[in-house]
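1. I would like to see how this sequence folds:
(2 chains)
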Amino acid sequence: MKKITFPTLLFFVVLLFHNVKTEVNGLGQKAGQDGLTICPSLCSSLVQCIPTDLKNNGKNKEIASLSCEILCTKQFQLFERCGTEIVSSCSEATSCIKKNTNGLD
Amino acid sequence: MLFFYLFLIVLYFLTLVLPGLSHPIPLFPQGDEIMHIRTIRETITQGKWILPELSGLPNPYKPPLLFWLGILADTLLNVSFLSERLVSFVFGLGSSLLVFQIVRSFERSNLYSFLLALCYAASFGTWKFSRLLMMEQGMTFFVLLFFWIYSLYERKRKKGFLILGSFTLGIGYFFKGPILLIYGFILVFSFFFVDVFRIRKKAFYLSSKNMRKYIPSSILLISIALPILWLIYLFLFEPSGKKLIHFFFINENAGKFNSENQSAFRILGGWFLYSLPYTIVIGHSLILQLKSRVCSRRTRVSRALLFSLFFLTIFHLLPNRKDSYYVVSFLPILFISIGLSHSFEYFKVLFLNHWNLTGLLIVYLLSILFSIHSKQLLAVFILSCYSVITALMVFSKKKHFMMIYILFMITVPSIGYLVVLPNLDPVIAKDLEEYKINEYCFVSENPWNAMEFQNQSPSSRIIYSPPSASKHLCELKSIPILSFSSFYSPAGHYQATKEWQVWNSHQTFDVRDAIHFFQNSGFLNFKSKISLYEVQHP
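-> Next comes the predicted model:
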């Protein structure tokens, strides 16, 4: 047995770990042309989810809508995957987004 | 003589790294630089420097040290790309001087230490990141400083060095977070691994005698003191502190395990790319180092460094996010390990290797082909001269070491200034000066494109819009639009009045693309279009 055996085994374990993860679909795909219609429609639903006291201010709604569209453009897969939930209810939308980002918010 | 070599390293940086640092578009860009510069300039405007700001909120992506240094540079000199990038330039110079000092401290001659330090300075990774406002060169400096201090501790066994080393790692945290502490611990673990894990009669055993020697090294754990003090400050005294801590550790750091799983070859390719043009010399040396036995203080340290590179590579293969440039922070270790393993005479042999020279010739020939394609006659002429000399050296029996050494040293700066500089993207903000427009809508899928434009044109008012929101944000208000999006164009009352072609920042090329390429070589497009749309009044 040589001293390099331990690091080599470690290397293969990490490589195996890496390859197992490769099958998991990641996030990060940009919206492209589809986003031109899908993002505004999904974001108009999501804007309804901001707290009532904030919603009454038109400026807040505008900021929320723009932030949503920026995120939708950058993380289009996430919005596509949760499209049905976003349209149906705020709580379903939140839980779908949390599920798809493994709890990151 | 010592000062003469130090002077030569400084001279190299002043003559072959500094020129062109003020150009808005870097020769070899890295996306995050835009965000770093934006943060510094926005913070200067806001006047709140403790928590540097981006888009009106404290920057949650990175700790503040690089931003503070950029703010200091901008305040001392004036707000410019040159002042901000000088921060990395100084760290690049400092790292090269440290490589020189570290190799010297292992009883190598001044000349040999100098030549190795200059190799490190002239490698692609160092050259690129000493010219960009990125964290990497600062981190490299602190990794090297820590290694130097730790090697002093090993020699003198004074615990003060460990406290000093902890302090170094603690400061390093403020560049990119806990990653620098992990680098430091991996370095020490590699020494532990070499000393404690032993092979006897083909079996592993742990040397308890050597293990006891490492007990004082646990002092290094106090390196977390400075970061913890900072986190306590954020938690108690900053209104947005809790959210910042949560975002930085959960979204930014843990999130690296949750994005798209990138190929392991990005890290391995990083070693190859950023050690250019010394990749073959380094590869050759590593093979020889692995075959050799540990028989002296120098070879023990070089073996520990080798293991540290191995463990650091494995560490970077764990998260899904794997960027090639992550290897830059420990690139100098490669050059130091050459210095510790091989004598100066053997260093020359590594350089004069036939394959090494052939590799350099291939790099030059490819650069010439690119220069012919882009009609850069001066570049073609100078690079052809280099190629002829290299080719003569490949086939000549009497190879001249210093000539070959210089050819290698000038490779990256020559390609940078002769091949890349003439092909840089146009500075759009400068082209637009004649239009006298004060307000633009910047339509792009990536907000950082707008930040880049704002960096180039500080006096203009820039409104960023994703393509889907442009109608509401820009078109209804008839604001001139700069579109970076290939699929978006504004409604009828707008007309395109100017266009630019710019290099794609991310060029993907997979197996499917390769098949398409062979079917139709014209399909590959390395550039995308930016258009200026203005309202046409009847």
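2. could you use CA atoms for every contact and neighbour count after this?
-> OK.
3. center of chain A - which residue?
-> A:Leu78 (3.8 Å; Cα atoms, centre = their mean).
4. quick one: list the elements packing against the host helix or strand of that residue.
-> Using DSSP states H and E, A:Leu78 sits within helix A:76-81. Helices and strands touching helix A:76-81, as assessed by 3 or more Cα pairs under 8 Å, 6 or more residues apart in numbering or on different chains; DSSP states H and E, comprise helix A:35-47, helix A:90-100.
5. let's see stretch B:167-183 as PDB, backbone CA atoms only.
-> Extracted C-alpha coordinates of stretch B:167-183, given in PDB (Å, rounded to 0.1, in the frame of the first residue of the first chain):
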ATOM      1  CA  PHE B 167      -4.800  36.800  12.300                       C
ATOM      2  CA  THR B 168      -3.800  36.500   8.600                       C
ATOM      3  CA  LEU B 169      -6.500  33.900   7.900                       C
ATOM      4  CA  GLY B 170      -9.000  36.000   9.900                       C
ATOM      5  CA  ILE B 171      -8.300  39.100   7.700                       C
ATOM      6  CA  GLY B 172      -8.500  36.800   4.600                       C
ATOM      7  CA  TYR B 173     -12.100  35.900   5.600                       C
ATOM      8  CA  PHE B 174     -13.100  39.500   4.800                       C
ATOM      9  CA  PHE B 175     -12.400  38.900   1.000                       C
ATOM     10  CA  LYS B 176     -14.700  36.000   0.200                       C
ATOM     11  CA  GLY B 177     -15.800  34.500   3.500                       C
ATOM     12  CA  PRO B 178     -14.900  31.200   5.300                       C
ATOM     13  CA  ILE B 179     -13.200  29.700   2.200                       C
ATOM     14  CA  LEU B 180      -9.900  31.300   3.000                       C
ATOM     15  CA  LEU B 181      -9.900  29.800   6.500                       C
ATOM     16  CA  ILE B 182     -10.700  26.400   4.900                       C
ATOM     17  CA  TYR B 183      -7.700  26.900   2.600                       C
END
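6. so how far is that stretch from its chain's centroid?
-> Averaged C-alpha coordinates place stretch B:167-183 at 16 Å from its chain's average position (Cα atoms, centre = their mean, to the nearest Å).
7. show residues contacting it.
-> Residues from elsewhere that reach stretch B:167-183, judged by Cα atoms under 8 Å, 6 or more residues apart in numbering or on different chains: B:62-66, B:135, B:138-139, B:142-143, B:145-146, B:184, B:222-227, B:312.
8. filter those to the buried ones?
-> Buried by 16 or more other Cα atoms under 10 Å in any protein chain shown: B:62-66, B:135, B:138-139, B:142-143, B:145-146, B:184, B:222-224, B:226-227, B:312, out of the contacts of stretch B:167-183.
9. which members of those residues are positioned in helices?
-> Among the buried ones among the contacts of stretch B:167-183, the members falling in helices (DSSP state H) are B:65-66, B:138-139, B:142-143, B:145-146, B:184, B:226-227, B:312.
10. measure the residue of chain B found nearest chain A to A:Thr101 for me?
-> Chain A sits closest to B:Glu260 of chain B, with a gap of 3.7 Å, by Cα to the nearest Cα. Separation of B:Glu260 from A:Thr101 (Cα to Cα, to the nearest Å): 11 Å.
11. so which of the two has more stuff around it?
-> Neighbour comparison, B:Glu260 and A:Thr101: the larger count goes to B:Glu260, with 20 against 17 (by other Cα atoms under 10 Å in any protein chain shown).
12. B:Glu499 against B:Tyr533, yeah?
-> No: applying Cα atoms under 8 Å, one finds B:Glu499 not in contact with B:Tyr533, separated by 9.1 Å.
13. you'd agree the residue of chain B closest to chain A is up against B:Asn320?
-> Yes: using Cα under 8 Å, B:Glu260 and B:Asn320 qualify as a contacting pair, with a distance of 6.1 Å.
14. that older thread, the helix holding A:Leu78: what's the following helix or strand?
-> Next helix or strand after helix A:76-81 toward the C-terminus (DSSP H and E): helix A:83-88.
15. CA atoms only: put that next one into CSV for me.
-> The C-alpha coordinates for helix A:83-88 follow below in CSV (Å, rounded to 0.1, in the frame of the first residue of the first chain):
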residue,chain,number,x,y,z
GLY,A,83,-46.4,28.1,-12.9
THR,A,84,-49.7,26.3,-12.0
GLU,A,85,-49.2,26.8,-8.3
ILE,A,86,-48.3,30.5,-8.8
VAL,A,87,-51.6,31.1,-10.6
SER,A,88,-53.7,29.1,-8.2
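16. from the contact counts, what lies against it?
-> Where contact means 3+ Cα pairs under 8 Å, 6+ apart, helix A:83-88 is packed against helix A:35-47, helix A:90-100.
17. highest mean neighbour count out of the ones you listed?
-> Sort the helices and strands packed on helix A:83-88 by mean neighbour count, taking mean count of other Cα atoms under 10 Å in any protein chain shown, and helix A:35-47 sits at the top with a mean of 19.
18. which other residues reach that one?
-> A:61, A:64-65, A:68-69, A:72-73, A:76, A:79, A:83, A:86-87, A:90, B:467-469.
19. max pairwise distance over the residues you listed: which two?
-> Greatest spatial distance among the contacts of helix A:35-47 (Cα to Cα): A:Cys90 and B:Pro467, at 25.0 Å.
20. how about the residues of the stretch 1-150 of chain B by chain A?
-> For the stretch 1-150 of chain B, the contact set with chain A under Cα under 8 Å from any Cα of the partner chain is empty.
21. in stretch B:412-423, what's buried?
-> Buried positions in stretch B:412-423, judged by neighbour count with 16+ other Cα under 10 Å: B:412-421, B:423.
22. I'd like the residues you listed written out as JSON lines, with pLDDT, distance to A:Val47 and secondary structure added.
-> As requested, these are exported to JSON lines (pLDDT from 0 to 100; distance: Cα to Cα, whole Å; DSSP: H, G, I helix; E, B strand; the rest coil):
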{"residue": "B:Val412", "pLDDT": "96", "distance to A:Val47": "51", "secondary structure": "helix"}
{"residue": "B:Pro413", "pLDDT": "96", "distance to A:Val47": "52", "secondary structure": "helix"}
{"residue": "B:Ser414", "pLDDT": "94", "distance to A:Val47": "53", "secondary structure": "helix"}
{"residue": "B:Ile415", "pLDDT": "94", "distance to A:Val47": "51", "secondary structure": "helix"}
{"residue": "B:Gly416", "pLDDT": "94", "distance to A:Val47": "48", "secondary structure": "helix"}
{"residue": "B:Tyr417", "pLDDT": "95", "distance to A:Val47": "50", "secondary structure": "helix"}
{"residue": "B:Leu418", "pLDDT": "93", "distance to A:Val47": "52", "secondary structure": "helix"}
{"residue": "B:Val419", "pLDDT": "92", "distance to A:Val47": "50", "secondary structure": "helix"}
{"residue": "B:Val420", "pLDDT": "92", "distance to A:Val47": "46", "secondary structure": "helix"}
{"residue": "B:Leu421", "pLDDT": "92", "distance to A:Val47": "46", "secondary structure": "helix"}
{"residue": "B:Asn423", "pLDDT": "87", "distance to A:Val47": "45", "secondary structure": "helix"}
